[in-house]
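S.K.: Sequence and predicted structure below; questions after.
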Amino acid sequence: MEKSRIAAKSTPYWWEAAPVRPLPDQPLARQADVVIVGAGYAGLTAGLTLARAGRSVTILDKMNPGEGASSRNGGITSGNIRLSYAELVKKYGEARAKAIEAEGKAAREFIYDFIRTEGLDCDFQMTGRFYGAIGKENYEALARSAEALAKSLGIESHAVPHAEQRNYVGTDHYRGGSVRMDIGGLHPAKYHAEILRVTLAAGASVHSGVAVTNIDKDVSGFKVTTSAGAIKARQVLICTNGYTDGAAPFLRRRMVPVRSRIIATEELSPGLMSQLMPKLMMCGESKVLGYYYRPSPDGKRILLGGRDASQSGDPAAPTDMLRKGLVELFPELADVGLSHSWFGNVAMHRDMLPRIFENKGLTYATGFCGSGVVWAPWIGSRAALKLLNDDTSRSAFDFRAPPFIPFYNGKPYFMPAFIQVYRMQDRIAMARATR
Ligand SMILES: Cc1cc2nc3c(=O)[nH]c(=O)nc-3n(C[C@H](O)[C@H](O)[C@H](O)COP(=O)(O)OP(=O)(O)OC[C@H]3O[C@@H](n4cnc5c(N)ncnc54)[C@H](O)[C@@H]3O)c2cc1C
């Protein structure tokens with residue numbers, strides 16, 4: 001692999017301004033009302049809600065808090081649900097489908113309000129999001145969805161005809177698209193650091209570098225065995241998402257970790273940035289394995305992400321593949337260097353729906369399918385309300401456990417093949433689209 005085509009750093013661009021760090025060592029309490037496994041957005045917001053309700057809370061993370069997906073992501077507040085409304089109705093009935101759609105809006109509003117009222121300093125900008133169509137038929141479908149979104153949920157959204165596309169994104173790759181204004185961008189690592197700040201201030205005890213290795217039920221609740229000793233808890237909440245290991249075997253058989261990778265360009269000139277991203281919007285595209293991309297919060301770089309089919313090590317090929325995607329969108333960037341390329345794990349339940357569920361007394365809040373900037377804090381806080389027996393705020397995502405995956409025990413050996421199939425589907429869709 002040519003050296004010039006590989007990024008200078010393999011750590012997240014976000015860690016330049018907000019590095020993930022270990023927390024000061026402190027002894028593990030002998031007991032707590034609630035133990036939470038995982039200190040990403042979900043675990044922390046659950047802990048914050050519980051601590052403010054007066055519960056003693058211990059949050060344990062085997063890495064540094066945030067070192068999972070919560071400081072590595074694209075920072076786009078998409079709050080996406082992978083299944084279409086029709087698919088939701090078919091699988092779960094009309095009432096749950098409607099409630100899930102409505103919760104998407106509530107969850108986005110919840111995090112915007114959370115950022116504002118807590119004063120979270122995380123570079124949040126309500127930029128809107130452009131979504132590119134691959135052909136005329138696809139454009140018409142996006143235009144219909146934008147109209148339906150405005151009508152049914154009152155969300156500001158509209159179609160962007162091909163002729164107006166360059167007002168939003170400086171590429172000819174699409175055949176028009178749509179814009180919705182309720183999606184923005186934030187600095188994910190600052191967002192995490194700020195949620196950690198308020199969670200600690202609320203009195204939760206957060207430990208880094210403490211791995212949970214086993215959870216046993218006992219007479220008064222649970223015995224949680226960790227690399228730093230054992231702790232007893234009345235309740236346990238699992239928020240391990242794409243980093244789930246053998247400590248949560250029931251979840252591991254139901255959830256697939258998938259690598260997602262982001263590349264960041266070197267700083268671009270102001271003229272080039274305003275040509276390529278004139279409105280500094282978040283961007284996505286209508287493909288199975290579509291890219292997501294955005295300007296850095298200072299508006300000087302472009303960050304572009306997509307699936308990474310690799311499963312071990314940190315090979316150069318996925319970076320090169322994203323770079324090709326970037327140049328296909330923006331040929332002007334053919335000679336631009338990459339400052340960073342990194343990956344993290346997103347988590348997909350088999351039915352592609354985030355979830356709060358219970359099994360043998362343990363509660364789980366996971367499966368955000370690459371949209372956890374919105375879903376993880378929302379579902380985390382709803383899971384906390386469930387533990388507080390607050391029935392008034394029961395989430396539409398709180399129901400039976402996701403189905404288990406046959407012949408699977410946590411190693412997604414089938415993913416590279418799946419990704420090849422999805423790529424093929426995208427190529428066929430592109431070839432068939434009226435361009
Ligand atoms: C590259 C990338 C780009 C993304 N882009 C976006 C985006 O633009 N918009 C969006 O909405 N979402 C995006 N996401 C998804 C989003 O980042 C996640 O959905 C979200 O961060 C999940 O938060 P979480 O708290 O559930 O899990 P995580 O932040 O992954 O935290 C789980 C934690 O559990 C800990 N853990 C696991 N097992 C144990 C154990 N046994 N003992 C102790 N600790 C344990 C891990 O160490 C980890 O810190 C992206 C993700 C990636 C990787």
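M.R.: Sure, I can see it.

S.K.: Would you agree residue 35 is in contact with residue 60?
M.R.: Yes: Residue 35 sits in contact with residue 60 when judged by Cβ atoms under 8 Å, with a separation of 6.7 Å. Every C-beta, even on glycine, is put in place using the N, C-alpha and C of the backbone.

S.K.: Overlap in contacts, those two.
M.R.: Common neighbours of residue 35 and residue 60 are listed as 212, 224 (criterion: Cβ atoms under 8 Å, 6 or more residues apart in numbering).

S.K.: what about those two, which has more around it?
M.R.: Shown here are residue 35 and residue 60; by other Cβ atoms under 10 Å, residue 35 has more neighbours (29 against 26).

S.K.: Quickly find the element holding the more buried one.
M.R.: Assigned by DSSP states H and E, residue 35 falls within strand 31-37.

S.K.: what's the next secondary structure element after that strand?
M.R.: helix 41-52.

S.K.: From the contact counts, what lies against that following helix?
M.R.: Applying 3 or more Cβ pairs under 8 Å, 6 or more residues apart in numbering; DSSP states H and E, one finds that helix 41-52 contacts strand 31-37, strand 57-60, helix 188-201, strand 362-366, helix 372-387.

S.K.: quick check: mean pLDDT across that helix?
M.R.: For helix 41-52, mean pLDDT is 98.

S.K.: How about stretch 94-101?
M.R.: Averaged across stretch 94-101, pLDDT comes to 92.

S.K.: ditto for stretch 368-381
M.R.: Rounded mean pLDDT across stretch 368-381 is 97.

S.K.: Quickly check: it near the ligand or not.
M.R.: Yes: contact of stretch 368-381 with the ligand (Cβ under 6 Å from any ligand atom) involves 368, 370, 371, 372, 373, 374, 376.

S.K.: who's in contact with residue 277?
M.R.: By Cβ under 8 Å, 6+ apart, the contact set of residue 277 is 169, 170, 283, 295, 299, 302.

S.K.: What subset of these is buried?
M.R.: With burial judged by 16 or more other Cβ atoms under 10 Å, the buried subset of the contacts of residue 277 is 169, 170, 283, 295, 302.

S.K.: so which strand or helix has the first one?
M.R.: Element membership of residue 169, judged by DSSP H and E, is empty: it is in no helix or strand.

S.K.: Would you agree it is in contact with residue 284?
M.R.: No: Residue 169 lies out of contact with residue 284 (Cβ under 8 Å); the separation is 10.5 Å.

S.K.: who touches both of the two?
M.R.: Residues touching both residue 169 and residue 284 (Cβ under 8 Å, 6+ apart): 130, 132.

S.K.: What values do phi and psi take at residue 264?
M.R.: Backbone torsions of residue 264, given as degrees, to the nearest 10, read phi -120, psi 140.

S.K.: can you pull the contacts of the residue of the stretch 251-400 of the chain found nearest the ligand?
M.R.: Nearest to the ligand, among the residues of the stretch 251-400 of the chain, is residue 372, at 1.9 Å (Cβ to the nearest ligand atom). Taking Cβ under 8 Å, 6+ apart, we find residue 372 in contact with 40, 41, 42, 69, 70, 73, 241, 346, 354.

S.K.: any idea which of those residues is the one closest to the ligand?
M.R.: Checking those against the ligand by Cβ to the nearest ligand atom gives residue 40 as the nearest, at 2.2 Å.

S.K.: Low-confidence stretches in the chain?
M.R.: Within the chain, the segments meeting pLDDT under 70 span 1-5.
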